[in-house]
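Student: Here is my input, please return the structure:
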Amino acid sequence: MASGSRSFLAVVALGAAVAMGAQWFGDRAQAGVGEQVAQLAQPGDIRMISSLTCPSCTSARMWLQQHAVPFDECLIERDAACMAAFQALPVRATPTLFVRGQLHTGFDAERVLGALQAGR
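Tutor: Modelled structure (predicted):
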């Protein structure tokens, strides 16, 4: 194998190792946030208005379930009261979360954690 080919492969391997390390650290940080959210959230603290066609809703639901965070969810396509509540909002984006009464559009685990910490 030529020296240039070995150098290229070494750079590719190093790049892959850095990417995997960054992913691992990111996953660990999210796990820590998830643990904190799960400890602070009580049933009824988090309500999510979502849509069947919303990939972000699916991601939020999966994150909450993965971290055993208690939450209530309604789907605008299946629940008329949910649709009415959604249409009454000042902004219309899904997922919409109410965290201890605070309105949050979109899902950001750290923002949910901050809202739970602020509402102690």
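
Student: Quick test: name the residue nearest the centre of the protein.
Tutor: Nearest to the geometric centre of the chain sits residue 60, at 4.3 Å (CA atoms, centre = their mean).

Student: Just the buried residues of stretch 113-120, please?
Tutor: Residues of stretch 113-120 classed as buried: 113, 115, 116 (neighbour count, 16 or more other CB atoms under 10 Å). In short, each C-beta sits where N, CA and C put it, glycine included.

Student: Out of those, the closest to residue 82 would be?
Tutor: residue 115 (20.8 Å; CB to CB).

Student: And for the closest residue to that closest one other than its chain neighbours, the neighbour number?
Tutor: Spatial nearest neighbour of residue 115, excluding adjacent residues (CB to CB, 6 or more residues apart in numbering): residue 99 at 3.9 Å. Neighbourhood size, residue 99 [other CB atoms under 10 Å]: 22.
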